[in-house]
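Chemist: have a look at this prediction, sequence included:
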Amino acid sequence: MRAVLLDVGGVFFVPNHQLLAPPIEAAGGSTAEAVLDRAHYAGMAAMDATGGLDWERYKAALAGAAGVPPAHIADAVEGLNGALGAANLWSRLLPGAVEGLRAIAATGVDIAIVSNSDGTVEELLATSGVCQIGDGQGVRVTAVVDSHVVGFEKPDTRIFQVALDALGVSPDRAVHVGDTAFADIDGARAAGLRPLHLDPYGDCPRPTGDHEHVRSLLEVAALLTR
C-alpha cells in the first residue's frame, strides 16, 4: 500500500458533547464522555442498517446507547434535533485520533482526507492541529477532498478518484478508512480501493466477512507495517 485515504466524521471528530448532553441528560441518559463517544458509533450502525442517511434512526440509537430509557427515547430524539443542526456539531476531537494519524504517517505512506462535509473540513482539521496540506502543527497530508467543494460525495466513486489523482496512485495501492458501511466501505470498494471500516465497538450490521474492520487508527498503522 502506498496511500491511505481517511474520512473525518467518526474517524477524527464526533458530535460536540456540549450539544448532545442537554437533551440526553433531560431524557435520563448519561453524559459521560466515553458514553457519548461510544453512542455515536451505535447511531452510525443504525443508519448503516437502513443503507442510507436515516438521521432519525441515528438519534434514537445514540440516545439508547447513552442510557436513555426506552420510554423517553422520543423525547431525546426531539431534543437532539436542534443539536444535530448546529454549525459546530462535528467538533469533538476523539482521544487517540491524532496519535493514530501520526503512526500512519510514520509508516511512510501518502495521506489524503476524503470527507462528506460542508466546505469547512480543511479549516477544521488545520485549526484543530490534526493535519494540513504542507507544513503546520498537524500531520502533513497531500490533499483534503471536501464533498461540498468538489460537488459529489461518498459513495460516489468520483470523490475517491479526486484524492487518488492528487496522490498519484492507483486504487489498488490505496486503502480508505471510514466509519460508515454504506458511504465509506461501499464507495471505496466500488472505486477499487481496499476499504477498512473503523468500527471500535463491533457495531457493524453487515454479515461477517463482508469487509474488513479496524478498531483504531493505530490498528491501521499496524496493518500497514505487516
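Modeler: Looks like it arrived, so ask away.
Chemist: tell me the SS of S91?
Modeler: strand (DSSP: H, G, I helix; E, B strand; the rest coil).
Chemist: report the buried residues of the top helix by length along the chain.
Modeler: Counting by DSSP state H, the longest helix found in the chain is helix 33-50. In terms of neighbour count (16 or more other CB atoms under 10 Å), helix 33-50 has its buried residues at 36-49. (Each C-beta comes from the backbone N, C-alpha and C, glycine too.)
Chemist: what is the nearest of those to V77?
Modeler: Distance to V77 across those (CB to CB) is lowest for G43, with 10.9 Å.
Chemist: return the per-residue confidence for the closest one.
Modeler: At G43, the pLDDT value in this model is 98.
Chemist: ok, it - contacts?
Modeler: R57, Y58, K59, A61, L62, A65 (CB atoms under 8 Å, 6 or more residues apart in numbering).
Chemist: change it to 10 Å
Modeler: By CB atoms under 10 Å, 6 or more residues apart in numbering, the residues touching G43 are 10, 14-15, 54-55, 57-66, 80, 84, 203.
Chemist: now it: how far from R2?
Modeler: 33 Å (CB to CB, to the nearest Å).
Chemist: what do you get for T157?
Modeler: Taking CB to CB, one finds T157 at 19 Å from R2.
Chemist: ok, now F152?
Modeler: For F152 relative to R2 (CB to CB), the value is 24 Å.
Chemist: end to end on stretch 18-33, go ahead and measure it.
Modeler: End-to-end distance for stretch 18-33: 10 Å, by CA to CA, to the nearest Å.
Chemist: swap in stretch 150-157?
Modeler: 12 Å.
Chemist: in that stretch, what counts as buried?
Modeler: Quick answer for stretch 150-157 (16+ other CB under 10 Å): E153, K154, P155, D156, T157.
Chemist: show me the two of these that sit farthest apart.
Modeler: E153 and T157 (11.1 Å).
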